[in-house]
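> after the sequence you'll find the predicted model.
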Amino acid sequence: MPAPKPEYEKDTKLIIVDDYFPNVITSFRVQEFNYYLQRLNCEIYSFNPDFEEYWEEYAELYPQFKDRVKRFIPEQDLNGSLVYTVFLANTYKMLRLIESEKVPFCFTLYAGGEFRLNDPESDYKLLKVFNSPFFRKVIVTRQATFDYLVYNDFCPVEKIVFIPGAVFPTDYYIKNMAPRRVFGEDKSSLDICFVALKYTPLGVDKGYDTFIKVAKKLSMFNPDIRFHVVGDFDREEIDVESLGNHITFYGPQPTSFFPQFYADMDLILSPNLPFKLAPGAFDGFPTGACTEAGINGVAVFCTDILNDNLDYKDGEEIVIITPDPDDIARKIMDYFCEPEKLALLARRGQARFQEINSYEKMLRPRLRVLTEYI
């Protein structure tokens, strides 16, 4: 085996390593990574076990990038000047190779991906990562994450870059937005959706169990309220026989599915809860699904148990809910009785979601962080 290249000989190149890409369902990865592929000398290595299957689908959609997206081979040479990862799990997994090859690295510490609050195993991984001599910067996306790192002395403040929210295909949605059908104006039905993947029995972390309880309560009030579920939930997960044909299941869907889907939705409900997936585990705020729905003009009703909301006016651009099904049902019925109020909330929310999740606010700051070290 040839000796590793000396550090000064390494190519000026960004190397991204990920466990899920190039699965196109992970829209925030596709959006962010494609942005770097378009602007930088960049290669992406994936250790997704179904890489070949996902690569073929990705290559059809983005043929201009396909040759720079490759399967990760363990112990391969990281022939680049900077490594970038998302999530703690990926960063920790790559740490030994990064340190053996003496390559600087930056990463985004999203909620999830084995990052948990007050969890000994997660804390151990954070300490290993932040104490590495090759660590340069971490991007954090939630106030709770920033506070946790600072208050527990995991990382110096000057090495933390706070960019609220994840990266979403905002431009794609704006360009491909379908004409909206609005409750009270274009149709008599109120269409409520739940969008999430399943990680726990009954989807308790995402609030699927609560969503179904709310659906059953609302269906008793009015037959013109319909429910839609996108993700790997079905009629067998929780008994929905009483909802009959008032609930529809679509399965997991790629980004291309959502412009038309959201054009018919009035409200997305996300009663998600922290610490249900595992002790200390929590979601982003708003969730990715809520953000994409909001960008598309759907009114967002979601929980904020950790008080992360810094950007949206409650009751004007978003509706913060408790996880109590009765409280949620009452709030929704208030808006059902005033369709124009719901439509105004959705329009204001859409403008705010598009502003906050623009390229200018989401991607350019990330690019500046990486180009500083490439």
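Now that the structure is in, tell me what you want to look at.
> where along the stretch 1-150 of the chain do the helices fall?
Ranges of helices in the stretch 1-150 of the chain, per DSSP state H, counting those that start in this stretch, are 27-39, 51-61, 88-101, 120-130, 143-151.
> now render those as CSV, adding mean pLDDT, distance to D308 and mean neighbour count.
Just so you know, the C-beta spots here come from the backbone N, C-alpha and C atoms, and that holds for glycine as well. Putting those into CSV (pLDDT from 0 to 100; distance: least, C-beta to C-beta, whole Å; neighbours: other C-beta atoms under 10 Å) gives the following:
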stretch, mean pLDDT, distance to D308, mean neighbour count
helix 27-39, 94, 17, 20
helix 51-61, 96, 31, 15
helix 88-101, 96, 18, 19
helix 120-130, 98, 18, 17
helix 143-151, 95, 5, 17
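> nearest to P259, out of these?
P259 lies closest to helix 27-39 among those, at 12.1 Å (C-beta to C-beta).
> against which helices or strands is that closest one packed?
Contact analysis of helix 27-39 by 3 or more C-beta pairs under 8 Å, 6 or more residues apart in numbering; DSSP states H and E lists strand 14-18, strand 42-46, strand 82-86, helix 288-295, helix 359-371 as its packing neighbours.
> okay, angle between it and helix 288-295 too, please.
Here the directions of helix 27-39 and helix 288-295 differ by 70 degrees (axes from the mean of the first three to the mean of the last three C-alpha atoms, to 10 degrees).
> so who does Y62 touch?
Taking C-beta atoms under 8 Å, 6 or more residues apart in numbering, we find Y62 in contact with V30, N34.
> hmm, back to that, can you redo the helices of the stretch 1-150 of the chain as CSV with distance to L243?
Formatted as CSV, the helices of the stretch 1-150 of the chain follow (distance: least, C-beta to C-beta, whole Å):
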stretch, distance to L243
helix 27-39, 29
helix 51-61, 33
helix 88-101, 37
helix 120-130, 38
helix 143-151, 35
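> which of these sits closest to Y208?
helix 27-39 (20.3 Å).
> show residues contacting that closest one.
Residues contacting helix 27-39 (C-beta under 8 Å, 6+ apart): 14, 16, 18, 20-22, 24, 42, 44, 58, 62, 65, 68, 84, 86, 166-169, 172, 254-255, 288, 292, 359, 363, 366-367, 370.
> can you turn the buried part of these into a ChimeraX selection?
Selection of buried members from these for ChimeraX, criterion 16 or more other C-beta atoms under 10 Å:
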select :14,16,18,20,21,22,24,42,44,58,62,65,68,84,86,166,167,168,169,172,255,288,292,363,366,370
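> so what sits opposite C42 in the bridge?
L14 (DSSP bridges).
> gap between it and L14?
4 Å (C-beta to C-beta, to the nearest Å).
> A144 now?
Remark: distance between A144 and L14 (C-beta to C-beta) = 28 Å.
> do Y172 as well
Y172 sits 23 Å away from L14, going by C-beta to C-beta.
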